[in-house]
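> 3D model of this:
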Amino acid sequence: MNTKTSLGKLYLIPVTMGESDPMDVLPQTVKRAIELIDYYIVENEKTARKSIKAVLPEKKQSELVLFALNKHTDAKEHLSFIQPLLEGKNVGLMSEAGCPGVADPGAVIVKLAHEKGIQVIPLVGPSSILLAMMASGMNGQSFTFNGYLPIDKSDKKSALKNLEKLSFDKNQSQIFIETPYRNNKLLEDILQALQPSTHLCIATDITLPTEYIKTLRASDWKKTKVDLHNRPTIFIIHKLDRKSTRLNSSHTNYL
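Next up, the predicted model:
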């Protein structure tokens, strides 16, 4: 008789990117997953419980088992987080905002799940990186997400210059982010570093009522006032060849 326990499945559960009705941005598959899952790996227990309650108010919070995964989590704890999966229970992985595993510490759990032969199921949800790219008018055929730029002003300027050159050389849009309370300072540094003709897209509060997405040349941004303080923001730059007449590629996107 085979008594081997079947493995559970790891569901990557997206959440909203701010205070909005979850059913405006999340599909029913997310709601159905939350109905069935009681074990979660999350960045912050309080906000995770709030997200679960917003999607499914009738879910009994007392029955939830949450494991905290953030920058303070010891790597030695990771294996204990997936123990329910090894015992045949399904587990949900949730980010603080948007999609887990993308610019998110949850990627280490996904990697561990693959190593243990656990099925990983990504659910559809909002990604600020892709939504910003979609709305930017820049090259959706070739782009790179660079995460955070250096904090040091000199290093940051060098990084921006390098990204601008890379964008020009490869016709590749360059995406990056900043801690929200530093956004306004980053914008100042961007406009000081970029050449006037380089395009910059600022996409902030994506999917929220205060959503703001605009693409302008650096020279035009210097004439435009926008307050990005404490607002989640995606920055995208693209420097074009003088012969180019538009930002996006002319090739058909089959993806």
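> looking at this, K31 is in a helix?
Yes - the assignment for K31, made by DSSP: H, G, I helix; E, B strand; the rest coil, places it in a helix.
> Just list the residues touching it, thanks.
By CB atoms under 8 Å, 6 or more residues apart in numbering, the residues touching K31 are M23, V55, L56. From N, CA and C alone the C-beta is placed, and that goes for glycine too.
> Only the buried subset of these, as a PyMOL command please.
Command for PyMOL, covering only those of those found buried under the criterion 16 or more other CB atoms under 10 Å:
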select buried, resi 55+56
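> What ranges does the stretch 151-255 of the chain have for its strands?
Along the stretch 151-255 of the chain, the stretches classed as strands by DSSP state E, counting those that start in this stretch are 173-177, 199-204, 212-217, 233-238.
> For the ones you listed, could you give me TSV that also reports mean neighbour count, mean pLDDT and distance to E63?
Shown next, in TSV, are the strands of the stretch 151-255 of the chain (neighbours: other CB atoms under 10 Å; pLDDT from 0 to 100; distance: least, CB to CB, whole Å):
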stretch	mean neighbour count	mean pLDDT	distance to E63
strand 173-177	23	98	35
strand 199-204	22	98	37
strand 212-217	16	98	40
strand 233-238	25	98	36
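> May I ask you to name the longest helix in this protein?
Counting by DSSP state H, the longest helix found in the chain is helix 153-170.
> gap between D104 and P122?
As judged by CB to CB, to the nearest Å, D104 and P122 stand 12 Å apart.
> Tell me the pLDDT of the nearest residue to A68 once chain neighbours are set aside.
What sits nearest to A68 in space, not counting adjacent residues and going by CB to CB, 6 or more residues apart in numbering, is E45, at 5.9 Å. pLDDT, E45: 94.
> hmm, back to that, would you put the C-alpha positions of the longest helix of the chain in CSV?
C-alpha atoms of helix 153-170 as CSV (Å, rounded to 0.1, in the frame of the first residue of the first chain):
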residue,chain,number,x,y,z
LYS,A,153,24.1,60.9,-5.7
SER,A,154,27.3,60.4,-7.7
ASP,A,155,26.6,56.7,-8.2
LYS,A,156,23.0,57.4,-9.0
LYS,A,157,24.0,59.9,-11.7
SER,A,158,26.4,57.3,-13.2
ALA,A,159,23.7,54.7,-13.2
LEU,A,160,21.3,56.9,-14.9
LYS,A,161,23.8,57.8,-17.6
ASN,A,162,24.6,54.2,-18.1
LEU,A,163,20.9,53.3,-18.5
GLU,A,164,20.4,56.2,-20.9
LYS,A,165,23.3,54.9,-23.0
LEU,A,166,22.1,51.3,-22.9
SER,A,167,18.6,52.5,-23.9
PHE,A,168,20.1,54.3,-26.9
ASP,A,169,22.5,51.5,-27.9
LYS,A,170,20.0,48.7,-27.7
